[in-house]
Structures are given as structure tokens and as C-alpha cells.
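Chemist: All I have is the shape, not the residue letters:
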């Protein structure tokens, strides 16, 4: 699961490290993000599900550690599960939604927003807090166009999920809102996990999930690019204006 989500660029860079003696900036960012997400997710699932009889409550401590680690990894792309997803606590379902929406790395077999997209956004926030004009990491500057794409992808995905949650909750009011979010994030990130909403929902819910799975497989960046125009430099530059935010 991990290898399938790292992306072929990262795997190729790691395989040829002995001859090249350098890691690409993308490789460093992906490995750092992967390590953080896997470890943090495992710790959170272990805490939230430790005494949950519907999932890991009856397991030994060793099995709980393995189940927590597997849940943290599988939320990124695979769809396999070792504990009952419908029995997860609300806290675990929320973490699962976030982990699924983040997804894996570009150029791999996984979906989601990609860890690099989230890292670019976090690095942009860090640069703003530090008062820096450029977004920098590992001695390199990230292009402004990359930052803009990352922000657009994040907002677009968030709006799609929220709009679909609202639509499904109206069509099938008996469904739990968090369960709907879990199913939508799984579909959009092409993870494959389910907590029962797909089977319990009506035709409208199933249609929305099908559309989300299609969007997730095509790729959010491809989808957003198809909706917009090709980038071009304007021959006219308007005077700058100030607007208050925050």
C-alpha cells in the first residue's frame, strides 16, 4: 500500500539514490509527510479505539497497535480494513476523512488531494507567519503558480464535499452527516472504504458517490484544469487595490 502511494518519481529516485547521491525535493517532502501521517494516524486511532468494543476493544495490546497502524495506512489509498469501519468512533471517522482526503503522492496509484498539495499549503502558512515573501523548503523556492494550484485544489475539493454532504442529507435525511462525509471522502480519494452509507443510501446518494469516484479517478487537478482557461499573460496590468481580510 505504501509503495503504491509513494509515486513512481519517488520510487525511481530512491532506487537510483546510490548512483545519483541526491534526493529530489519532492522525494523529501513525500517521505516526511508520509512518516508524519502514518505515525500520527496510528497513534490517534490507537487512542480513539482502544476501548471501543465495536472495533479494537477485545484485541490484545499488540494487535491494537497493528490494527491502528493498518487503519492509518489503508486510509490513504487501499480500501482494505482489519476493523469494522461502521463501528469506528466519531473521532476516528473524522481522522479517517482527513487522511483519505489528503491521499498519497502524485504519480502513484492513489487518489486524494496528494500529500504534496497539503504540504505546499502548510509551507505557505509557515512563510506567511514568518513574514517571508517566498515559500521555501529544503533550500528551494516553490513557484507561486504551484502555490495557487494547491490552494485552488484544496478549496475546490472542500466545496465539492460540503455541497455533496448537504445534497445527500436532504435526499436521505436518515443518514448520519459524519458517515456521509466518510463515504464521500473515500469515494473522492478512490480509497474504497465504506461504513455502510453506500448500501443504505438511495439512488441519488449512489449516483453522487459514482460521480465522486469518477472525479477521484480522473484527478482533481485534471478536473479543475478542464473547467478553467489556459494560463496566459495579460497585456494589461491594473493598478493594485487594497481589501481588508481577517
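Modeler: Here it is on my side, so go on. The model shown is predicted, which means the values in this text are computed figures rather than measured ones.

Chemist: Show me the strands in the chain, by range?
Modeler: 135-137, 140-142 (DSSP state E).

Chemist: what's the spacing between the last one and its chain's center?
Modeler: Spelled out, it's strand 140-142. 22 Å (Cα atoms, centre = their mean, to the nearest Å).

Chemist: got the buried residues for it?
Modeler: Of the residues in strand 140-142, residue 142 count as buried by neighbour count, 16 or more other Cβ atoms under 10 Å. (C-beta placed from N, C-alpha, C; glycine too.)

Chemist: can you check stretch 169-182 too?
Modeler: 169, 172, 175, 178, 179, 180, 181, 182.

Chemist: Ok, stretch 193-206 next?
Modeler: Quick answer for stretch 193-206 (16+ other Cβ under 10 Å): 193, 194, 195, 197, 200, 201, 205.

Chemist: Would you mind putting those into CSV with pLDDT and distance to residue 55 alongside?
Modeler: What follows is the buried residues of stretch 193-206, written out as CSV (pLDDT from 0 to 100; distance: Cβ to Cβ, whole Å):
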residue, pLDDT, distance to residue 55
193, 92, 13
194, 91, 15
195, 90, 11
197, 91, 18
200, 93, 19
201, 92, 23
205, 95, 25
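
Chemist: Adding distance to residue 20, write those residues out as a markdown table.
Modeler: A markdown table is the format used below for the buried residues of stretch 193-206 (distance: Cβ to Cβ, whole Å):
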| residue | distance to residue 20 |
| --- | --- |
| 193 | 37 |
| 194 | 42 |
| 195 | 44 |
| 197 | 46 |
| 200 | 51 |
| 201 | 50 |
| 205 | 49 |
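
Chemist: tell me which of those residues is nearest to residue 219?
Modeler: Taking Cβ to Cβ as the measure, residue 219 lies nearest residue 193 of those, at 19.7 Å.

Chemist: Contact partners for the nearest residue in space to the closest one that is not next to it in sequence?
Modeler: Spatial nearest neighbour of residue 193, excluding adjacent residues (Cβ to Cβ, 6 or more residues apart in numbering): residue 186 at 4.7 Å. By Cβ atoms under 8 Å, 6 or more residues apart in numbering, residue 186 lies in contact with 79, 100, 192, 193, 194.

Chemist: what about residue 186, distance to residue 62?
Modeler: With distances taken as Cβ to Cβ, to the nearest Å, residue 186 is found 28 Å from residue 62.

Chemist: so where's this protein uncertain?
Modeler: 223-234 (pLDDT under 70).

Chemist: Centre-most residue in it?
Modeler: Nearest residue to the geometric centre of the chain (Cα atoms, centre = their mean): residue 102, 1.2 Å.

Chemist: Might one say that that one is in contact with residue 72?
Modeler: No: Residue 102 is not in contact with residue 72 according to Cβ atoms under 8 Å; the separation is 11.6 Å.

Chemist: Show me the common contact partners of these two, please.
Modeler: Here residue 102 and residue 72 have residue 37 as joint contacts, going by Cβ under 8 Å, 6+ apart.
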